[in-house]
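Asker: Pasting the sequence and the predicted coordinates here, then a few questions.
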Amino acid sequence: MEKRNNLTNFLEKFLLLIFWGTALLSIFLIYLIFRGEYAVENTYLAIINRIIRTAIFLYIIYLLRKLLISIKQNNPFKKENVVKFRSIGYLILGLGLYNTIINFPNASGSLLIGTPYGGIEMGLLNYLILGCLALVMSEVFKQAYEIKKENELTI
């Protein structure tokens, strides 16, 4: 029990560090783009792109922290956590799709699919796997919630 609390405490603090580190780094990158010190074709498009990606990522981190807090309170199998896992899964898949669309014309490195007009990078597979994993976890938590609800009704 104590080891789990230590791990959840560590993960909660780690996610908080990632949250604020990402927020500050993104603000700094937006500042550099705006000042012209970061080479981009379209300044405003790059800023909007950075804001969208950061907002999605920060919301995923926020949901993960909320999940950890409910686990820490010994109440992981509740309907809200099913919704959080499902949201995380869809957000990760959406972020992967968004990155693929935005990076298609300038795809570089290892390509899953390449054409003369652009390509789909191998990194899309990471988004697909993690998104599907989160969706599977939402189904597992949904079944656990339903079993817990049944057991609470049983005398």
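Answerer: Nice, thanks for sending it over. Residues are numbered from 1 along each chain as shown.
Asker: all strands in the chain, in order from the N-terminus.
Answerer: Secondary structure of the chain (DSSP state E): strands located at 111-115, 118-121.
Asker: List just the one of those strands that sits closest to Ser87.
Answerer: strand 118-121 (24.7 Å; CB to CB). C-beta coordinates here come from the backbone N, C-alpha and C atoms, glycine included.
Asker: Kindly spell out which helices and strands sit in contact with the closest one.
Answerer: Here strand 118-121 touches helix 79-103, strand 111-115, going by 3 or more CB pairs under 8 Å, 6 or more residues apart in numbering; DSSP states H and E.
Asker: Counting residues, which helix of this protein comes out longest?
Answerer: Across the chain, the helix with the greatest residue count (assigned by DSSP state H) is helix 2-35.
Asker: List the buried residues of that helix.
Answerer: Neighbour counts over helix 2-35 (16 or more other CB atoms under 10 Å) mark Thr8, Leu11, Glu12, Leu15, Phe19, Ser26, Ile30, Ile33 as buried.
Asker: worst-scoring helix or strand of this structure, pLDDT-wise?
Answerer: Within the chain, no helix or strand scores below strand 111-115, which has a mean of 71 by mean pLDDT, DSSP states H and E.
Asker: And that one, how far out from the chain middle?
Answerer: With CA atoms, centre = their mean, to the nearest Å as the basis, strand 111-115 stands 24 Å off its chain's centre.
Asker: For the most centrally placed residue in the chain, list the residues it contacts.
Answerer: In the chain, the centroid-proximal residue (CA atoms, centre = their mean) is Ile60; its distance is 4.0 Å. Applying CB atoms under 8 Å, 6 or more residues apart in numbering, we find Ile60 in contact with Ile88, Leu91, Ile92, Leu95.
Asker: just Gly119 next, same as before
Answerer: With contact taken as CB under 8 Å, 6+ apart, Gly119 is in contact with Phe104, Ala107, Leu111, Leu112, Ile113.
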